[in-house]
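**Q** Return atomic coordinates for the entry below.
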Amino acid sequence: RDGEQTDWQDWNTYSGYYAWNELLGRLYFFRDGTSPNDLMYEDIDQSSGKIIANGESPYHGDYHIKGPIVVSPDGNHVFIGAGDIYNATTLEYENSIGMEVNDAIWSEAAGLLGISQDDGHVVLTRFDENLMPVEARKYSGTLIEAVSQSDSALIIIENQNQFYFIEYVA
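**A** Next comes the predicted model:
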């Protein structure tokens with residue numbers, strides 16, 4: 001809290017990705033470096049900052065685990081870069097967009113945006129509420145970062161040593 005460590009856990013796992021679920025007070029992460037990798041969580045007490053519970057998906061290697069981790073705007077779902085969507089509370093598999101992505105944004109304004117790198121191009125795909133692709137845009141270059149904003153998404157791309165800032169509004 002305020003930059004001070006409030007809790008820690010012995011032999012906790014390392015992850016290259018983390019995502020916070022404000023609704024549940026839950027931090028999601030992977031068990032990187034351990035086989036099989038898995039989607040994990042820790043519940044954090046908001047008044048003390050203490051870890052009060054933890055868990056993982058019930059699958060233990062049945063699904064491909066790949067970052068990023070993105071929480072839906074309503075806090076009820078967790079999307080991972082393998083293209084799969086899990087229930088935010090139980091971590092049970094719910095659905096898939098049918099493709100892997102390098103980054104993603106899930107906002108009320110834009111919906112679910114999958115961003116992938118394909119042969120020198122960045123491909124941004126927007127999915128509807130049924131997880132069907134409804135729009136795809138292709139940009140030359142390499143994805144640097146995707147940032148969710150209140151009413152849009154900002155995609156940062158490098159192409160031939162120049163940076164491009166692309167604002168996406170659904």
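**Q** So residue 22 sits against residue 73, correct?
**A** No. Between residue 22 and residue 73 there is no contact, the gap being 10.2 Å when judged by CB atoms under 8 Å. C-betas here are computed from N, CA, C, even on glycine.
**Q** Neighbour count for the two, which is higher?
**A** Comparing residue 22 with residue 73 by other CB atoms under 10 Å, the one with more neighbours is residue 73, at 16 against 9.
**Q** Leaving out chain neighbours, which residue sits closest to that one?
**A** Nearest non-adjacent residue to residue 73, counting by CB to CB, 6 or more residues apart in numbering: residue 108, 4.6 Å away.
**Q** ditto for residue 39
**A** Closest to residue 39 by CB to CB, 6+ apart is residue 57, at 4.6 Å.
**Q** Just list the residues touching the one you found, thanks.
**A** Applying CB atoms under 8 Å, 6 or more residues apart in numbering to residue 57 gives the contacts 38, 39, 40, 63, 86, 91, 92, 93.
**Q** filter the residues you listed to the buried ones?
**A** 38, 39, 40, 63, 86, 91, 93 (16 or more other CB atoms under 10 Å).
**Q** avg pLDDT for the helix or strand containing the fifth one?
**A** Translated: residue 86. Remark: residue 86 resides in strand 84-87, with elements defined by DSSP states H and E. Strand 84-87 comes out with an average pLDDT of 98.
**Q** Stretch 12-24 now?
**A** On average, the pLDDT along stretch 12-24 is 93.
**Q** list the buried ones in that stretch?
**A** Per 16+ other CB under 10 Å, stretch 12-24 contains these buried residues: 13, 15, 17, 19, 21, 24.
**Q** and which of the residues you listed is nearest residue 100?
**A** residue 17 (13.8 Å; CB to CB).
**Q** Contact partners for the closest one?
**A** Neighbouring residues of residue 17 by CB under 8 Å, 6+ apart: 29, 30, 67, 68, 69.
**Q** So which of the residues you listed sit within strands?
**A** 29, 30, 69 (DSSP state E).
**Q** ok, and the most crowded of those residues?
**A** residue 69 (25 neighbours).
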